[in-house]
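In: Structure for the following, please:
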Amino acid sequence: MYLTEHFGLSLPAMVVWGLMMAFFFNAFLWIANAKRNNVLLMLSLVVFASYFTSDHLFSWFDNSSVYLSWAIYDVITLAVIFSCTYFIKGVKSPAFTYVIFVLCSNTILQLLMYYDLHITGNVNPWFLWDFYSLTVYLLDFTMIIALIVDRDILGLNTLKNRFLRIGKSRHLQKQS
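Out: Numbers count the residues shown, from 1 in each chain. This is a model prediction of the structure:
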């Protein structure tokens, strides 16, 4: 909670601003015919809309269940992304992997925080709280960068492809 104690609501606002800039950047590239990547445009729009609405509806929820609300927002965002990409052929954007990874990681961390605060009733700060605040913001800023540059900046796509190749080779070995 070190980050949230010292920066308050400015870090979430910076994340929403960064996602808005990523969407505007991708919309500009799409309109200018510089890069007609429908997946990247859709990803940046959906993630920006999700973070924007969850940030503005923050005050509607009490503090203990806000983590559950954010987790639900992320799950809905994932569902919207998967349903939209179902209709778009050839999802080859590296940012897609980053957005899915970040939203899944954030959902897990938010559910852990909800469990810690609401279910167990813990009120004493401990490692999970600091880990949550640091990790969520690092992941969110990584997602913003991935949406802007559309590159495999941390090697997640390479790692994903390696695991898929290993799984495919094991599957072929079992069949023969």
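
In: Give me the next element, helix or strand, following the helix or strand of the chain with the lowest mean pLDDT.
Out: Among the helices and strands of the chain, helix 2-7 carries the lowest confidence by mean pLDDT, DSSP states H and E, at a mean of 57. The C-terminal neighbour of helix 2-7 among helices and strands, as given by DSSP states H and E, is helix 10-31.

In: Now find how far off-centre that next one is within its chain.
Out: 14 Å (CA atoms, centre = their mean, to the nearest Å).

In: contact partners of that helix?
Out: Helix 10-31 has contacts (CB atoms under 8 Å, 6 or more residues apart in numbering) with 3-4, 34-38, 40-41, 44-45, 47-48, 51-52, 55, 58, 137, 140-141, 143-144, 147-148. All C-beta atoms are positioned from the backbone trio N, CA, C, and that covers glycine.

In: In that helix, which residues are buried?
Out: 11-12, 15-16, 18-20, 22-23, 25-26, 29-30 (16 or more other CB atoms under 10 Å).

In: Closest one to residue 66 out of those residues, please.
Out: residue 12 (11.3 Å; CB to CB).

In: quick one, helices of the protein?
Out: Along the chain, counting by DSSP state H, helices occupy 2-7, 10-31, 38-56, 66-87, 94-114, 127-149, 156-175.

In: Dump those into CSV; add distance to residue 121 as well.
Out: Output for the helices of the chain, formatted as CSV (distance: least, CB to CB, whole Å):
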stretch, distance to residue 121
helix 2-7, 20
helix 10-31, 25
helix 38-56, 24
helix 66-87, 14
helix 94-114, 12
helix 127-149, 14
helix 156-175, 36
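
In: rank the ones you listed by mean pLDDT and give me the bottom one.
Out: Mean pLDDT values for these show the minimum at helix 2-7, a mean of 57.
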